[in-house]
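Engineer: Everything below, folded, please.
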Amino acid sequence: MKRINKFAEIFSIVTLMMIIVVILAQIILRYVLYYPLSWSDEFATTMQIWMVYIGAYLVLLDNEHSKLEYFTSRLPKKWEPILECFINLICIFFTSSLIYSGLKVTLKTLNSRTPAMEIPMPLIFLSAIVGSLLMLTYLGKNLISGFRWFFCGPHSIKKKVEK
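Structural biologist: Numbers count the residues shown, from 1 in each chain. All right, here's what the predicted structure looks like:
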């Protein structure tokens with residue numbers, strides 16, 4: 001799992017750098033040399049979509065997704081693991097529905113291609129599936145850890161699930 005996490009980090013960094021380079025090249029070519037690239041917007045959009053879904057997984061790893069901390073901070077500490085299990089179950093439900101929807105859209109667009117670069121559309125929609133599968137594996141680990149705490153006690157788990 002550590003290799004996947006490292007790959008996701010590197011992928012996000014490289015993707016952002018590629019977006020910056022292509023958009024900068026597009027600006028220079030369009031406004032200085034009067035020779036615009038026909039594919040730059042499409043490329044940047046595709047890379048940004050991939051970066052968003054892989055980035056969502058990376059944010060989940062660091063536990064930085066938005067939460068209602070106002071309410072959770074007012075609960076007794078003993079309720080924290082139960083609340084975490086509940087939150088993980090909700091996230092698993094939504095992540096699973098995103099995978100299902102992503103698969104449906106991917107299958108519907110099997111014969112479609114983007115206009116400028118001729119990228120197969122399923123390759124773009126695959127980003128939602130890949131990012132969601134990564135999130136689902138991490139959420140599953142957290143949920144199992146939470147159930148372990150609930151049934152076996154707090155001494156049975158580590159403080160935080162390993163990334």
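Engineer: what about Ile87, distance to Leu58?
Structural biologist: Relative to Leu58, Ile87 is positioned 18 Å away (criterion: CB to CB, to the nearest Å). Yep, even glycine has a C-beta here, placed from its N, CA and C like the rest.
Engineer: Over to Tyr35?
Structural biologist: From Tyr35 over to Leu58 the distance is 36 Å, taken as CB to CB.
Engineer: Have a look at these two and say which one is more surrounded.
Structural biologist: Neighbour count, other CB atoms under 10 Å: between Tyr35 and Leu58, Leu58 has more, with 19 against 8.
Engineer: Going by secondary structure, the nearest residue to Ile99 once chain neighbours are set aside is in what exactly?
Structural biologist: Closest residue in space to Ile99, ignoring its immediate chain neighbours: Ser132 at 4.6 Å, by CB to CB, 6 or more residues apart in numbering. With the criterion set as DSSP states H and E, the secondary-structure element containing Ser132 is helix 121-152.
Engineer: Spatially, what comes nearest to Cys91 if we skip its sequence neighbours?
Structural biologist: With CB to CB, 6+ apart, the residue lying closest to Cys91 is Leu139, at 5.2 Å.
Engineer: cool, Leu136 as well?
Structural biologist: When the adjacent residues along the chain are set aside, Leu136 lies closest to Thr95, with 4.9 Å between them (CB to CB, 6+ apart).
Engineer: correct me, but that neighbour touches Met135?
Structural biologist: Yes - with contact defined as CB atoms under 8 Å, Thr95 and Met135 form a contacting pair (5.1 Å).
Engineer: Against Phe43, how distant is Ile92?
Structural biologist: The value you get for Ile92 to Phe43, if CB to CB is used, is 33 Å.
Engineer: can you give me the helices in the chain?
Structural biologist: 2-31, 40-61, 69-72, 80-108, 121-152 (DSSP state H).
Engineer: among those helices, which is nearest Thr114?
Structural biologist: Evaluated with CB to CB, the helices of the chain place helix 40-61 nearest to Thr114, the distance being 5.4 Å.
Engineer: Glu42: how many residues sit nearby?
Structural biologist: Using other CB under 10 Å, the number of residues around Glu42 comes to 18.
Engineer: Equivalent analysis for Ile10, please.
Structural biologist: 10.
Engineer: again, but for Cys152
Structural biologist: Taking other CB under 10 Å as the neighbour definition, Cys152 ends up with a count of 10.
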